[in-house]
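J.: how would this look folded up:
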Amino acid sequence: MKDFRNRQQQRPKKNTLVIGRQAVIAAMEGGKQLERIYLQATVHGDVIDTIRLLAEKSLVPINKVPVEKLNSFNVSNHEGCVAVISKIQYQNLQDVISFTVEKGETPLFVMLDSITDIRNIGAIARSAFCFGVHAIIIPDKGVGALNEDAILTSAGALEKLAICRVNSLMKAVDELHLNGIRVFASEMTADKKVFDIDLKEPCAIVLGGEEQGIYPALMKICDEQFQIPMTGDFESLNVSVANGIILYEVMKQRIRG
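T.: The predicted model follows:
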């Protein structure tokens, strides 16, 4: 297995970039899926407002950056705007739920809140694919970019899994609930243990970032919280390791029936 610990994030290849304001607008209006847009922090005007509105509608994150960041892409005439074409084909959450139910399968989702380390995201996706997760749900902001490094870390799992990008995890929980899917939050201070939760039913597992954890308001609307019991006196497990343990418990319960 390759070692990613000292790997630096690669600059996107030029053929994955959309360069210039009108080109970015045309890409979004044409339905092209973008991973994110880099806007020079000092630019403004009607065209920039149009880019922002289209990005919000298309759930494309915008990063305000200094001009040096844009120049680092080694492209000319960027006009303070460069977008990266997504290697991931994002799916509609309701469509994935409906497709899963129509196949006669029990829905299983993983929701990521404030997880920014792409190595963790890649490792989570790899375990998710191995344990039969139907989709990973991510917010359009506050999550690591699903770029080539993330895909490589996932051993290609991110390209095989359904990824649902939503503008609100809170609304996503509501949508899951409307479809009869319970939502469980992994929280190290919870009273219940992971094996005390009925994971045979349709469910989604919420994982929080190692620094911030799960957003309190999101935690509040989850159906139940659980912890992974540990014997060692240590703060917490790495989130991707925790994800693997949780999903193994899901698979074990569902196999045993």
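J.: quick one: the helices in the stretch 51-200 of the chain?
T.: Taking DSSP state H, counting those that start in this stretch, the helices of the stretch 51-200 of the chain run over residues 67-71, 93-102, 118-130, 148-153, 157-160, 169-178.
J.: tell me, which of those helices is the model least confident about?
T.: When those are ranked by mean pLDDT, helix 148-153 comes last with a mean of 90.
J.: For it, enumerate the helices and strands it packs against.
T.: helix 118-130, helix 157-160 (3 or more C-beta pairs under 8 Å, 6 or more residues apart in numbering; DSSP states H and E). Every residue, glycine included, has its C-beta placed from N, CA and C.
J.: For those, give me TSV that also has mean neighbour count.
T.: Listed next are the helices and strands packed on helix 148-153 as TSV, based on neighbours: other C-beta atoms under 10 Å:
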stretch	mean neighbour count
helix 118-130	23
helix 157-160	18
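J.: how about those, which one is nearest residue 188?
T.: Closest of these to residue 188 is helix 118-130, at 16.2 Å (criterion: C-beta to C-beta).
J.: Which strands or helices does the closest one pack on?
T.: Packing contacts for helix 118-130, counted by 3+ C-beta pairs under 8 Å, 6+ apart, involve strand 108-113, strand 135-139, helix 148-153, helix 157-160, helix 239-256.
J.: rewinding a little: could you provide the helices of the stretch 51-200 of the chain in JSON lines, with additional columns for distance to residue 253?
T.: Formatted as JSON lines, those follow (distance: least, C-beta to C-beta, whole Å):
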{"stretch": "helix 67-71", "distance to residue 253": "46"}
{"stretch": "helix 93-102", "distance to residue 253": "18"}
{"stretch": "helix 118-130", "distance to residue 253": "16"}
{"stretch": "helix 148-153", "distance to residue 253": "28"}
{"stretch": "helix 157-160", "distance to residue 253": "22"}
{"stretch": "helix 169-178", "distance to residue 253": "19"}
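J.: Relative to residue 35, which of those is closest?
T.: Comparison of these against residue 35 by C-beta to C-beta identifies helix 148-153 as nearest, at 10.0 Å.
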